[in-house]
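Engineer: Need coordinates for the following:
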Amino acid sequence: MKIGQYEIFAIECERFALDGGAMFGTVPKVLWEKTNPADEKNRIDMSARAMLIKGNGKHILVDTGMGQKWDEKARGMYKISNSFLEKNLSKAGLTPDDITDVILTHLHFDHAGGAVKSVEGKLVPTFKNATYYVQEANYQWAINPNARERASYLKENFIPLLEADKLKRIDGEIELFPDIHLIISNAHTHGQQLVRVKGEDKSICYCGDLIPTATHIPLPWVMGYDLYPLEIMNEKKKLLEQAVDENWILFFEHDPYADAADLVKNEKGIAKKSTFFLN
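Structural biologist: Numbers count the residues shown, from 1 in each chain. Take a look at the predicted model:
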């Protein structure tokens, strides 16, 4: 997909699974299982999908998936697949060494796990030539995690970036590169940054965990993982209204059935118009 001066690619990193009840909070299973069927352990399929932005002399990756630093117990619990990252980058004509920049929406393990890899027992940046970007607020949240999120913020995924002088911390909403804007969202976790690529007549927004799948577009459909459910509904409402008014495409990080969707406004509010794959 072409957005302004950039080409946009969906780069699936891995597949994994999470508890369906946790993914849909108070929404009854009889509703969410229509679109996201669960296995015998109540887990639903999930994608760990990065967005690749090519153009203006940059090869930018947004988020990095789960990574492969997991023991067998964790791999079984989360049904983590082998990595698709290098194969899918190669389809876009790139290798990990070609990535110039990595924007981390936040430092939860399913977003930042692939930022670091193990080489001969040493943890090193996966994208050795890239600068990594995270919000300062999220970094501070991650190094001093609350009890609820402690298992999600694993220091092995970001301290090696700091030690390699590859991690740049940002403060607030900025235009990081021409027509690439960061949007702050604090309701899922503190200091999450969404990424909007702006074109002349349309934009694409990497929704991170504000809207992790197309099924989460309706305002009340929020995750049990979200720290502040009422606030996430407010954040979602604001983003969806801007998206439908300004012709945004939503890019989903975790939807196993679609990369993206466009929107329509009807008598019931804002809903998905259609879902599709980018590649």
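Engineer: okay, now Ile249: neighbour count?
Structural biologist: Neighbour count of Ile249, defined by other CB atoms under 10 Å: 21. In short, each C-beta sits where N, CA and C put it, glycine included.
Engineer: so what's it closest to, chain neighbours aside?
Structural biologist: Once flanking residues are discounted, Ile249 sits nearest to Ile204: 4.5 Å by CB to CB, 6 or more residues apart in numbering.
Engineer: which residues are in contact with the helix or strand that contains the one you found?
Structural biologist: Element membership for Ile204, per DSSP states H and E: strand 203-206. Strand 203-206 has contacts (CB atoms under 8 Å, 6 or more residues apart in numbering) with 1, 3, 8, 51, 62-63, 105, 183, 194-197, 239, 243, 246-251, 253, 260.
Engineer: let's see 7 Å
Structural biologist: 3, 8, 51, 62, 194-197, 243, 246, 248-251, 253 (CB atoms under 7 Å, 6 or more residues apart in numbering).
Engineer: out of those, who's nearest Ile217?
Structural biologist: Leu250 (7.6 Å; CB to CB).
Engineer: So the closest one is in contact with Ala258, correct?
Structural biologist: No. Applying CB atoms under 7 Å, one finds Leu250 not in contact with Ala258, separated by 9.8 Å.
Engineer: who has more neighbours, those two?
Structural biologist: Leu250 (25 against 21).
Engineer: so which helix or strand takes in the more buried one?
Structural biologist: Going by DSSP H and E, Leu250 is part of strand 248-251.
Engineer: Next: Leu18.
Structural biologist: Using DSSP H and E, Leu18 maps to strand 6-19.
Engineer: Using CSV, list the CA coordinates for that strand.
Structural biologist: C-alpha atoms of strand 6-19 as CSV (Å, rounded to 0.1, in the frame of the first residue of the first chain):
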residue,chain,number,x,y,z
TYR,A,6,5.9,5.7,1.9
GLU,A,7,5.2,2.1,1.0
ILE,A,8,3.4,0.2,3.8
PHE,A,9,3.9,-3.6,4.4
ALA,A,10,2.4,-6.0,6.9
ILE,A,11,5.2,-8.1,8.4
GLU,A,12,3.9,-10.9,10.5
CYS,A,13,6.5,-11.9,13.1
GLU,A,14,4.9,-14.9,14.8
ARG,A,15,1.6,-16.4,15.7
PHE,A,16,0.6,-17.0,19.4
ALA,A,17,-2.5,-17.5,21.5
LEU,A,18,-4.0,-15.8,24.5
ASP,A,19,-7.1,-16.4,26.7
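Engineer: For it, name the packing helices and strands.
Structural biologist: In terms of contacts (3 or more CB pairs under 7 Å, 6 or more residues apart in numbering; DSSP states H and E), strand 6-19 is packed against strand 43-55, helix 85-91.
Engineer: Quick check: closest non-adjacent residue to the residue positioned nearest the centre of the chain.
Structural biologist: Centroid-nearest residue in the chain: Gly208, 3.6 Å away (criterion: CA atoms, centre = their mean). Closest residue to Gly208 apart from its sequence neighbours, by CB to CB, 6+ apart: Thr105 at 3.9 Å.
Engineer: I am finished for the moment; much appreciated.
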